[in-house]
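> here's my sequence, what's the structure:
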Amino acid sequence: MATIRPFKALRPVPEKAKDVSSVPYDVVDTGEARILAQGNPLSFLHVIRPEIDLPEGTYLYDESVYSKASENLKKLIQKNVLIQEKPPSIYIYRLSMGDHSQTGVAACCAVEEYDKNIIRKHELTRKEKEDDRLKHMLTISAHPGPVIFTYRGTERTNVITSEEVKNPPLYDFVAPGGVRHMIWRMGKTGEIVNAFNEIPCLYIADGHHRVAGAGRVKKVMAERHRDSTGQKEFNYFLAVMFPADQLQIFAYNRYIKDLNNLNENDFLKRIEERFELTYNGKKEPDKKGIIGMYLNGRWYELHIPVDLYGTKDPVASLDLSVFQKSLLEPVFGIKDQKNDKRIDFIGGPDNVEKLIKRVNENGGVAFTFYPVNINELLAVADAERIMPPKSTWFAPKLRSGLLIHQF
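Predicted structure coming up:
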């Protein structure tokens, strides 16, 4: 059963919350982070993307980057921009984007339950990114941003959170991009802790590298401190848990830089060997089983034959798996999506125009997909399988810097 526990949050004073809060570290590159933080010394990007305060060209994993993160966090604390909550607390975090709203519980989760598969994953992690998160968290002695978990929601958790949000929030602001962020500190934590104790498992939605990094932090810290109780703060990490029926998943689309030395006619013939090809198709598929394709100023639809799916296999039944097996590998010669330099990934809402621009300016071809649904994700995780790389884009995103877990 799932364990959550209160923590003494390091958080902004309310009047500075909007200025401090930032996008997560992994949705922007250095250049984008530098632009977003320009003119705002309070931005938490100075902590989670600290290379923006170092000379251009600084190696991302240089020791100076981690030292700068620690220095910048200490400055925010010394200036009383960030304050430490005295009693351990659990929080409610609500995100609203357009007509969509989702309400989650922010608390600490046990690394041990990740090791035991009570916290389940659907994505592989890369060692260099794990190493980065490990060094960053150890240097600042904190988990600086929450991961997003999901769970099969219960009426009990919904009732508890709905009662709590009747109280005045700690924070309520609209971030750049139009997403409204609201956080409440829960008055009583025992009831929500007991409610989660009845939930059999949690699922990582967004933040696999941060969870894996937290697992490695625990091992390092346990060796340093000879912890045998399992109760010290480094045995836990920060997450916001949303009911599965509230999460919103967008497609992660693909741009491929060339046609693998095929001319356009031969390329289309190769596709028609595997798919039913429709000309003048829609930009974005309106249902599972269709892949959109943009080539030379024209949209096509690739309809997936039923026999290309693995009906009893939760991974093989994904459109992205069919795309990998029946198109990427045999036609493009791309076997490793994560490392092949010929493929790029563009996810989230309103990304199709970016794809069109890439193709129009640089050639190549773009593919759009119907979003993976949450039940497909849960089925893959329950089967202890892994989804294709870059399968899901969750939005809206949490803001970093609003709730920080120190250890």
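> how is this protein partitioned into domains?
As assigned by automatic domain parsing, the chain contains the domains 4-248+395-406, 252-370.
> quick one, which of those domains is packed in tightest?
Looking across the domains of the chain with neighbours counted as mean count of other Cβ atoms under 10 Å, the highest average goes to domain 4-248+395-406: a mean of 18. C-betas here are computed from N, CA, C, even on glycine.
> just the terminal-to-terminal distance for that domain.
16 Å (Cα to Cα, to the nearest Å).
> same check on stretch 176-193?
Distance across stretch 176-193, first residue to last, is 33 Å (Cα to Cα).
> what are the contacting residues of it?
Here stretch 176-193 makes contact (Cβ atoms under 8 Å, 6 or more residues apart in numbering) with 4-6, 21, 36, 85, 88-98, 105-107, 157, 160-161, 164-165, 167-175, 396-397, 399, 402-403.
> now, the residues you listed that are in helices?
Counted as lying in helices by DSSP state H, out of the contacts of stretch 176-193, are 36, 157, 160-161, 164.
> which of those residues sit farthest apart?
Every pair in the ones in helices among the contacts of stretch 176-193 was compared (Cβ to Cβ); the two farthest apart turn out to be Leu36 and Ile160, at 35.1 Å.
> am I right that Ala205 sits in a strand?
Yes - remark: Ala205 belongs to a strand, assigned using DSSP: H, G, I helix; E, B strand; the rest coil.
> pretty sure it contacts Leu247?
Yes - Ala205 is within contact range of Leu247, at 6.3 Å (criterion: Cβ atoms under 8 Å).
> quickly list what's touching both of these two.
Common neighbours of Ala205 and Leu247 (Cβ under 8 Å, 6+ apart) are 148, 150, 394.
> in the stretch 1-150 of the chain, mark out all the strands, start to finish.
Remark: strands assigned in the stretch 1-150 of the chain by DSSP state E, counting those that start in this stretch are 4-5, 10-12, 82-84, 91-97, 100-110, 119-120, 142-143, 147-151.
> could those strands be laid out in JSON lines, adding mean pLDDT and distance to Glu130?
Listed next are those as JSON lines, based on pLDDT from 0 to 100; distance: least, Cβ to Cβ, whole Å:
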{"stretch": "strand 4-5", "mean pLDDT": "97", "distance to Glu130": "24"}
{"stretch": "strand 10-12", "mean pLDDT": "98", "distance to Glu130": "24"}
{"stretch": "strand 82-84", "mean pLDDT": "97", "distance to Glu130": "26"}
{"stretch": "strand 91-97", "mean pLDDT": "98", "distance to Glu130": "25"}
{"stretch": "strand 100-110", "mean pLDDT": "97", "distance to Glu130": "18"}
{"stretch": "strand 119-120", "mean pLDDT": "98", "distance to Glu130": "16"}
{"stretch": "strand 142-143", "mean pLDDT": "98", "distance to Glu130": "14"}
{"stretch": "strand 147-151", "mean pLDDT": "98", "distance to Glu130": "14"}
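> tell me which of those strands lies nearest to His303.
Of all the strands of the stretch 1-150 of the chain, the one in closest proximity to His303, counting by Cβ to Cβ, is strand 100-110 (29.3 Å).
> what residues does the spatially closest residue to Ala379 that is not a sequence neighbour make contact with?
The spatial neighbour of Ala379 that comes closest, neighbours along the chain excluded (Cβ to Cβ, 6 or more residues apart in numbering), is Pro314 at 4.1 Å. By Cβ under 8 Å, 6+ apart, the contact list for Pro314 reads 376, 379-380, 382-383, 385.
> ok so, going back, and of the ones in helices among the contacts of stretch 176-193, the nearest to Val365?
Using Cβ to Cβ, the ones in helices among the contacts of stretch 176-193 come closest to Val365 at Leu36, 31.0 Å.
> hmm, Ser43 and the closest one touching each other?
Yes - the pair Leu36 and Ser43 qualifies as a contact (Cβ under 8 Å) at a distance of 6.9 Å.
> name the residues contacting each of these two.
Ser22.
> next, work out how far apart the closest residue to Lys68 other than its chain neighbours and Pro144 are.
Computed as Cβ to Cβ, 6+ apart, the closest residue to Lys68 that is not its neighbour in sequence is Pro50, at 3.9 Å. Using Cβ to Cβ, to the nearest Å, Pro50 is found at 11 Å from Pro144.
> can you check Val352 too?
The value you get for Val352 to Pro144, if Cβ to Cβ is used, is 32 Å.
> ditto for Phe407
11 Å.
> which residues touch stretch 74-91?
Counting by Cβ under 8 Å, 6+ apart, 4-13, 16, 20, 42, 47, 73, 105-107, 170, 183-186, 189, 192-193, 403-404, 406 sit against stretch 74-91.
> try 6 Å
With Cβ atoms under 6 Å, 6 or more residues apart in numbering as the test, stretch 74-91 has contacts from 6-10, 12-13, 16, 42, 106-107, 183, 185-186, 189, 192.
> do stretch 117-135 as well
61, 66, 113, 201-204, 208-210, 212-213, 216, 377, 380-381, 386-387.
> redo that, cut-off 7 Å
Here stretch 117-135 makes contact (Cβ atoms under 7 Å, 6 or more residues apart in numbering) with 2, 61, 66, 109, 113, 201-204, 208-210, 212-213, 216-217, 377, 380-382, 384, 386-387.
> if we can go back for a sec, and the two most separated of the contacts of stretch 74-91?
Spanning the widest gap among these are Leu42 and Ile192, at 30.9 Å by Cβ to Cβ.
> roughly how far does the residue nearest to Gly145 when sequence neighbours are not counted sit from Pro388?
Excluding the flanking residues, the one nearest Gly145 by Cβ to Cβ, 6+ apart is Ser400, at 3.8 Å. Plainly put, Ser400 is 27 Å away from Pro388 if you go by Cβ to Cβ.
> check Tyr66 too.
Distance from Tyr66 to Pro388, counting by Cβ to Cβ: 32 Å.
> quick check: beta-bridge partners of the spatially most central residue of the chain?
Centroid-nearest residue in the chain: Asp206, 2.9 Å away (criterion: Cα atoms, centre = their mean). With beta bridges defined as DSSP bridges, Asp206 has these partners: Ile148.
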